[in-house]
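**Q** pasting a predicted model and its sequence here:
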Amino acid sequence: MKQSIFTIEKNEPIAAGMYGMTLRGDTSEITAPGQFVNVKLEGLFLRRPISVCDCEGDVLRLIYKVVGHGTAQMAAMQPGQTLDLLTGLGNGYDLSMAGDAPLLIGGGVGVPPLFLLARKLREQGKAVTAVLGFNKAEEIILKDEFQALGCEVRIATLDGSVGTNGFVTDALPEKMSCVYTCGPEPMLKAVYRATACPAQFSFEERMGCGFGACMGCSCKTVTGYKRICTDGPVLVREEILW
């Protein structure tokens, strides 16, 4: 974990209620896809955890949804302003489990942390399929970016406006060597039940400190309680109690 000051280079809406922010700073502690940063915001006691969408060199990309005071404050920030970030938080995904045909499944704000993972897997020559779920067409993000990496992209929307009408589990391919997924817990449970191969699940959880001190994000696993912020957010199938 490292505390660093980042400079905002871009901050703009990319879909309904969703913003993309590009920053420049010390990214040396970001070592695995699926990690997150904790953002300090003026006048707010708790930092806001935001998943890393992409990271290359000293450039960091975050995608976030405006849901409260903190993210609303972020959405109003302009290029040239700075943010205090804690970086290198969480364990991230393990690429060694991928196999030849990894399947990435994301729902809503669970899609962004899968992008860096997809890029790393494509750099290894893996045949990546990404199933991305949204409520409606206006909320779709990163579809073109995943396709530009060479991923097969399947979209599921609850209202049927784009792609498969239904849930991500309605758009699964037949072939998959490993599943990497991130999204709301009901979606994670559905993916858990619909697949049988090795799988890693990234959990969205309210956090206090973000680095394991407060124990506020603990969850029970087969080996006892684990802190989502440090022992996770990624857990493997075998340790999840569902």
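**A** Cool, the structure landed.
**Q** only C-alpha atoms for contact and neighbour calcs from this point on.
**A** Noted.
**Q** which one in this structure is furthest away from the centre?
**A** Relative to the centre of the chain, and counting by CA atoms, centre = their mean, the farthest-placed residue is Gly43 at 26.1 Å.
**Q** tell me the spacing between it and Ala148.
**A** Distance of Gly43 to Ala148, given as CA to CA, to the nearest Å: 39 Å.
**Q** for Leu114, same thing?
**A** On the measure of CA to CA, Leu114 and Ala148 end up 14 Å apart.
**Q** same drill for those two, tell me which one is more crowded.
**A** Leu114 (28 against 11; other CA atoms under 10 Å).
**Q** doesn't Gly107 make contact with that one?
**A** No: with contact defined as CA atoms under 8 Å, Leu114 does not count as touching Gly107 (10.2 Å).
**Q** give me the common contacts of those two.
**A** Taking CA atoms under 8 Å, 6 or more residues apart in numbering as the criterion, Leu114 and Gly107 both touch Cys182.
**Q** so for the biggest strand by length in the chain, mean pLDDT?
**A** With DSSP state E setting the assignment, residue counts place strand 2-15 as the longest strand in the chain. Mean pLDDT, strand 2-15: 98.
**Q** quick one, what contacts Lys2?
**A** Lys2 neighbours (CA under 8 Å, 6+ apart): Glu29, Leu86, Thr87, Gly88.
**Q** quick check: bridge partners of it?
**A** Thr87 (DSSP bridges).
**Q** use 24 as the first number for this chain going forward.
**A** Sounds good: first residue 24 from here, last item Lys25.
**Q** buried set for stretch 183-196?
**A** Gly183, Val185, Gly186, Thr187, Asn188, Gly189, Phe190, Val191, Thr192, Ala194, Leu195 (16 or more other CA atoms under 10 Å).
**Q** before we move on, what about stretch 119-135?
**A** Within stretch 119-135, the residues that qualify as buried are 121-135, counting by 16+ other CA under 10 Å.
**Q** what is the mean pLDDT for that stretch?
**A** Across stretch 119-135, pLDDT averages out at 97.
**Q** please save the CA atoms from that stretch in CSV.
**A** Provided in CSV are the C-alpha atoms of stretch 119-135 (Å, rounded to 0.1, in the frame of the first residue of the first chain):
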residue,chain,number,x,y,z
SER,A,119,-2.1,-18.5,-13.5
MET,A,120,-5.5,-20.2,-13.2
ALA,A,121,-6.7,-18.9,-16.6
GLY,A,122,-6.2,-21.9,-18.9
ASP,A,123,-6.7,-21.5,-22.6
ALA,A,124,-10.3,-20.1,-22.7
PRO,A,125,-10.9,-17.8,-19.7
LEU,A,126,-14.3,-16.3,-19.3
LEU,A,127,-14.7,-12.9,-17.7
ILE,A,128,-18.2,-12.0,-16.3
GLY,A,129,-19.0,-8.5,-15.1
GLY,A,130,-22.1,-6.8,-14.0
GLY,A,131,-22.5,-2.9,-14.0
VAL,A,132,-19.7,-1.3,-12.0
GLY,A,133,-18.2,-4.8,-11.8
VAL,A,134,-17.1,-4.5,-15.4
PRO,A,135,-14.2,-2.0,-15.1
